[in-house]
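[1] Okay, predicted coordinates and the sequence, questions at the end:
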Amino acid sequence: MLFRPKNKTREKETLEKLKEAGKNGEKDYAENYPLAEQIELTGTKKTKGSEEVLKPEALLNMLEDLEEANENIKESEKKFRQLSENSPNMIFINKDGKIIYANNECEHIMGYKINEFYSQKFNFLSLIDPESSEIVRENFQRHLSGKEVSPYECKLITKNGRTIWTIIHTKLIDYDKGKAILGIITDITKQKNIVIELRKSEGFIKEMIDNSGIPIVAFGKQDNLLIANTDFLEMTGYKKDEIGNKDKFYENIFPSKLVMEKIDPILSDVHKGKRVKDFVVPIRCKDGSTIITVANLSAVKDENGKIAGEIIFMRDLSEIFGLEDQLRYWSANGFVQVRVKEEGGRPQLSLTGEYPSESLIEKKFAQKTKANG
């Protein structure tokens, strides 16, 4: 370690001794207070093709500069270790494929002792999940060729076999007369698991919408298509990429001005947050045919509860009429009652469902069994 005598009187005496003793004095001083490698014991500094003889004052000044630089390095190392050991991230230094520094968080998360990381037998690639081994090798080779690497996701394996997701930031640094890799690793396992679960949920919801048995179409705030499920595409004959934005969609399936005059106030109510139920509207299919549908419309809201679009649930009325035979069956067995009521001076049919008594069900069942012989 470079240092100077802290005693100013002794320093002054040494300087006087150097002036009187010449080179011998310089040699004595150099032996008592070692210099950096580039300074010879005789007090000379080598340059290419020549030697520069340093005067005693210059020699002392150089010592002072070297000592200050050394102290700065020591202070920087101290600060680095303080920051590193208090960091919530794993921090390491890799030189020539070996771990020469690892902070406490590496030990805490990965489960290895620090001396295990520093062992010459330790292979840092053993920490890498096979799924991430290729990208780690590629980035390591880039660093070896002197190139920097962008942050990347990587799966690591702890000592006890647990897999964790991480983001790795690395940078080339000067270290011990060569290059080394400084790395900062952030554990993002919790966040990654949340994303994975969300994707599973999104997949489940998409599957549920596609198999709902009800034609569904939805548009976002920017009039972009959000949903066009399988039932809707089969009913209209369109492909998803043919629907386009909301304006194009309405232009294609509602080509009549009369229809749009009915739809515009409905959409206005929806954009105010109202739900519209049982709206009967004809739609034009891709092949030019028309289907009479009954639709329910409601607003799509974002995570802050603000309206971000609209969703339409449709049903082909002809399919509803096709349910007549099933209604007759349940009516004949006492589950459905057809009633006539006056409304606005006109008779209105209404259907009500009601489970009949067990005795009536048994009677109906006996009659059916007898009729079937």
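    Nice, I can see it. Numbering: from 1, shown residues only.
[2] ok, now how distant is residue 123 from residue 297?
    62 Å (Cβ to Cβ, to the nearest Å). The C-beta positions use only the backbone N, C-alpha and C, and glycine is treated the same way.
[3] which of these two has more neighbours?
    residue 297 (20 against 11; other Cβ atoms under 10 Å).
[4] Find the helix or strand that that one is a member of.
    strand 290-301 (DSSP states H and E).
[5] Return stretch 230-243 as CSV; C-alpha atoms alone will do.
    Taking Å, rounded to 0.1, in the frame of the first residue of the first chain, the C-alpha atoms of stretch 230-243 are listed here in CSV:
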residue,chain,number,x,y,z
THR,A,230,-66.6,-18.0,-32.8
ASP,A,231,-70.4,-17.9,-32.5
PHE,A,232,-70.5,-14.4,-33.9
LEU,A,233,-68.2,-15.2,-36.8
GLU,A,234,-70.2,-18.3,-37.7
MET,A,235,-73.5,-16.4,-37.5
THR,A,236,-72.3,-13.6,-39.8
GLY,A,237,-69.9,-15.4,-42.0
TYR,A,238,-67.1,-12.9,-41.4
LYS,A,239,-63.5,-13.6,-40.5
LYS,A,240,-62.0,-11.6,-37.6
ASP,A,241,-59.6,-9.7,-39.8
GLU,A,242,-62.5,-8.7,-42.1
ILE,A,243,-64.4,-6.9,-39.4
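[6] who touches that stretch?
    Residues from elsewhere that reach stretch 230-243 (Cβ atoms under 8 Å, 6 or more residues apart in numbering): 210-217, 225, 228, 249, 252-253, 283, 285-287, 291, 314, 316.
[7] just stretch 197-212 next, same as before
    216, 227, 229, 230, 231.
[8] For residue 102, grab the count of nearby residues.
    Neighbours of residue 102 (other Cβ under 10 Å): 24.
[9] wait, isn't it in contact with residue 114?
    Yes - look at residue 102 against residue 114 with Cβ atoms under 8 Å: they come within range, at 5.9 Å.
[10] Okay, strands next: where are they in the chain?
    When assigned using DSSP state E, the strands of the chain occupy the ranges 44-47, 50-53, 90-95, 98-102, 152-157, 163-175, 178-187, 216-220, 225-228, 276-284, 290-301, 307-316, 336-343, 346-353.
[11] Now do the buried residues in the fifth one.
    By that I understand strand 152-157. Neighbour counts using 16 or more other Cβ atoms under 10 Å place 154, 155, 156, 157 of strand 152-157 among the buried residues.
[12] Please report the distance of the first one from residue 189.
    According to Cβ to Cβ, residue 154 and residue 189 sit 12 Å apart.
[13] tell me, what's touching those two both at once?
    165, 166.
[14] sorry, back to before: the strand holding residue 297 pairs with which strands, parallel or anti?
    Strand pairing for strand 290-301, determined by DSSP bridges: strand 276-284 (antiparallel), strand 307-316 (antiparallel).
[15] Mind listing residues that contact it?
    215, 218, 220, 226, 235-236, 266-267, 270-271, 273-285, 307-318, 320.
[16] Which of the residues you listed are buried, as a PyMOL select command?
    Per 16+ other Cβ under 10 Å, the buried members of those correspond to this PyMOL selection:
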select buried, resi 215+218+220+235+236+266+267+270+276+281+283+284+308+309+310+311+312+313+314+315+316
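[17] Now for the spatially closest residue to residue 313 that is not a sequence neighbour, how many residues are close by?
    Closest residue to residue 313 apart from its sequence neighbours, by Cβ to Cβ, 6 or more residues apart in numbering: residue 296 at 4.5 Å. By the criterion of other Cβ under 10 Å, residue 296 has 16 neighbours.
[18] can you put the strands paired with strand 290-301 in JSON lines and add distance to residue 138 and mean pLDDT?
    Below are the strands paired with strand 290-301 laid out as JSON lines (distance: least, Cβ to Cβ, whole Å; pLDDT from 0 to 100):
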{"stretch": "strand 276-284", "distance to residue 138": "53", "mean pLDDT": "92"}
{"stretch": "strand 307-316", "distance to residue 138": "41", "mean pLDDT": "91"}
